[in-house]
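Undergrad: Structure here, sequence nowhere to be found:
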Ligand code: ADP
Ligand code: MG
């Protein structure tokens, strides 16, 4: 029987391929980054599996990536000696996209090729980027540990189907062979490939090798030319950036590392690189991105900080390293103390990990405090001054989760909060700003929660505050209601919802107003009793109020009660 099988791509993959090849045309070079990143992942996986089974290294313990091209055959080959693929893995991983992100990915394509090219890596569809420059891709692979005759060849033109067949392959790992399209000849060049590697893959901690070129003099009367030799040379930095001393790393290198590691096309807002010594030793290189990834709201998705132990990659979804509310942070933590075969379970319990987590949380908070300080720093550039606002618009709502999640740092978090208020539609008011503007005799920080800014601003509950010129914070993020439960006061001043209980404006109410209110309460007693009786199943109490100026009536909740906003949310959630 014919051992060759032809299989169809999942419908979504076919659709995706069409999109990728047609929409990323002006950013074709990213295929190098994606395929090198897969090669590097495959080497990381081998290293990790080999911790328990050293035999997987066979006779090639030095992990590396080789990139070669052949101008006559019009191929570019990217080879690694990583974990490799079994036949079934080739079918599963190169023919279907298991991750639910595909449809989302396609929905996100904006037409801005630069941004779209970025998405490819984020959504785990990087392999297919090869089809931007290739009209056929052949993958030859053998999984580490399998016999030589259990290799696999996978091949496709990137349209509806792909073929797989068994092959014999002595070398462990994977070769991806791109059959270069007629219009992509420019990539069949040492100079071109090297410059793309320098741009995207310099900080892969694995050596990337290419064949050396040599000048060959022409024959009598003819010019010379560069020719490929059989000698290989390393063309990237190939050292773990974070393990170098700070003074030897330039800002440009830090930024390039960030972009490569996090699949972001924008520079980070800031970063922090430290070697922590003491009872627990580790290196941290942490970045704050400038904008939110598409899946920021997915609290279960892999965290952005990769865990290494002595420069060996261990895992990239080590949620134990930072609290969930800091899930936007990207970077690397490299521990000198953890065992290499650390498991997820062990991570949860390790005292070292606990120390790393606390230390890294403090580090991130102080990075944010530094950004916030720039806002008011006379000497800072306009760009620097704007950084905290950029951070806040991308991640503020996530940071607020910390109020409920991280009691130990609640006060520091409270200082980092920014809100809209009756004085600003933008979320730029800090609690400290608010306090500084409080009126004489005002003894609480007032706030209101609502679905939208317009709803908050037009709430009848604000009338008396507006009349008295009192600032009220306007909270419209979905987490506000929940988060504010955890923030009873700021710097000794209580936070008070204007929609709860009898708002006592205390000293702010003058004697005459108080007297009027008392008289009104007295005069309206019979009316109130009637109203109460008529509404008895629907409300707890009916009161005369001084909080309204123009509106005849409003609903409020009792002091201990759930706010209207929260009860609406719960109702929506079917509770
Ligand atoms: P991602 O890298 O985000 O998983 P890709 O589309 O880049 O998505 O790759 C899809 C999958 O194909 C990988 O998860 C991996 O299982 C497999 N794969 C790709 N390249 C290699 C390789 N060089 N070695 C081993 N497996 C690979
Ligand atoms: Mg990939």
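TA: Alright, I've got the coordinates. Values in this document were obtained by computation on a predicted structure and should not be read as measured data. Ligands and ions are numbered 1, 2, ... in the order given.

Undergrad: List the buried residues in stretch 467-479.
TA: Neighbour-count burial for stretch 467-479 flags 470-477, 479 (criterion: 16 or more other CB atoms under 10 Å). In short, each C-beta sits where N, CA and C put it, glycine included.

Undergrad: out of those, which are inside strands?
TA: Using DSSP state E, the subset of the buried residues of stretch 467-479 located in strands is 473-475.

Undergrad: of the residues you listed, closest to residue 209?
TA: When those are compared for distance to residue 209 (CB to CB), residue 475 comes out closest, at 55.8 Å.

Undergrad: Check the gap between the closest one and ligand 1 for me.
TA: Separation of residue 475 from ligand 1 (CB to the nearest ligand atom, to the nearest Å) stands at 37 Å.

Undergrad: likewise residue 272?
TA: For residue 272, the distance to ligand 1 - CB to the nearest ligand atom - is 27 Å.

Undergrad: and what of residue 251?
TA: For residue 251 relative to ligand 1 (CB to the nearest ligand atom), the value is 28 Å.

Undergrad: Low-confidence stretches in the stretch 401-550 of the chain?
TA: Filtered on pLDDT under 70, the stretch 401-550 of the chain yields the residue ranges 501-513, 544, 546-550.

Undergrad: all strands of it, in order?
TA: In the stretch 401-550 of the chain, the strands defined using DSSP state E, counting those that start in this stretch lie at 419-421, 424-429, 445-449, 473-475, 489-490, 493-497.

Undergrad: Nearest to residue 184 among these would be which one?
TA: Using CB to CB, those put strand 424-429 closest to residue 184, at 46.2 Å.

Undergrad: Kindly provide the distance from the closest residue to ligand 1 within the stretch 151-300 of the chain to residue 42.
TA: Nearest to ligand 1, among the residues of the stretch 151-300 of the chain, is residue 174, at 3.8 Å (CB to the nearest ligand atom). Residue 174 sits 6 Å away from residue 42, going by CB to CB, to the nearest Å.

Undergrad: go on, residue 184?
TA: Residue 184 is 24 Å from residue 42, by CB to CB.

Undergrad: For those two, indicate the residue with more neighbours.
TA: residue 42 (23 against 18; other CB atoms under 10 Å).

Undergrad: And that one, its phi and psi?
TA: Note on residue 42: backbone dihedrals following degrees, to the nearest 10 are phi -60, psi -40.

Undergrad: Could you pull up the contacting residues of it?
TA: The contact partners of residue 42, taken as CB atoms under 8 Å, 6 or more residues apart in numbering, are 80, 82-84, 173-174.

Undergrad: Stretch 519-535: end-to-end distance?
TA: Stretch 519-535 stretches 24 Å from its first residue to its last (CA to CA, to the nearest Å).

Undergrad: Need the residues that contact it.
TA: Against stretch 519-535 from outside (CB under 8 Å, 6+ apart): 539, 541-544.

Undergrad: give me the number of residues near the residue in the stretch 1-150 of the chain that ligand 2 sits nearest to?
TA: Residue nearest to ligand 2 within the stretch 1-150 of the chain (CB to the ion): residue 126, separated by 3.4 Å. Using other CB under 10 Å, residue 126 has 21 other residues around it.

Undergrad: so the longest helix seen in the chain versus strand 424-429, what angle?
TA: Ranked by residue count under DSSP state H, the longest helix found in the chain is helix 351-375. Orientation check (axes from the mean of the first three to the mean of the last three CA atoms, to 10 degrees): helix 351-375 against strand 424-429 gives 130 degrees.

Undergrad: Go through the strands of the stretch 401-550 of the chain and pick out the most buried.
TA: For those, the largest average neighbour count (mean count of other CB atoms under 10 Å) is found in strand 473-475, namely a mean of 26.

Undergrad: Please tell me how far it is from the chain's geometric centre.
TA: Centre-to-centre, strand 473-475 and its host chain are 27 Å apart (CA atoms, centre = their mean, to the nearest Å).
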